[in-house]
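Novice: I would like to see how this sequence folds:
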Amino acid sequence: MRKAITAQDFDLASRIGIAAYRIANANERRVLETYLGPNAAHRAGLTPMP
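Specialist: A predicted model of the protein is given here:
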């Protein structure tokens, strides 16, 4: 994810982050939410959309 961000490939960074979010523990998810935003769980498909 860091390499993609450094290369300014934000679409790839987002896809990597979403994939990582699905398997991350609570602490890792908080870090990923910093990059992905507060709706990361929705984007990862882990919560139903309203």
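Novice: Run through the residues that contact M1.
Specialist: For M1, the contact set (C-beta atoms under 8 Å, 6 or more residues apart in numbering) comprises 13, 16-17, 20, 35. In short, each C-beta sits where N, CA and C put it, glycine included.
Novice: Neighbour count and secondary structure added to these, as JSON lines?
Specialist: Shown next, in JSON lines, are those (neighbours: other C-beta atoms under 10 Å; DSSP: H, G, I helix; E, B strand; the rest coil):
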{"residue": "A13", "neighbour count": "19", "secondary structure": "helix"}
{"residue": "I16", "neighbour count": "18", "secondary structure": "helix"}
{"residue": "G17", "neighbour count": "24", "secondary structure": "helix"}
{"residue": "A20", "neighbour count": "18", "secondary structure": "helix"}
{"residue": "Y35", "neighbour count": "17", "secondary structure": "helix"}
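Novice: Please report how far L12 lies from I5.
Specialist: Here L12 is placed at a distance of 9 Å from I5 (C-beta to C-beta, to the nearest Å).
Novice: Could I get the phi/psi values of V31?
Specialist: phi -70, psi -50 (degrees, to the nearest 10).
Novice: Measure how buried it is and give me the count.
Specialist: Neighbour count of V31, defined by other C-beta atoms under 10 Å: 13.
Novice: Likewise for T34?
Specialist: Quick note: T34 (other C-beta under 10 Å) scores 10 neighbours.
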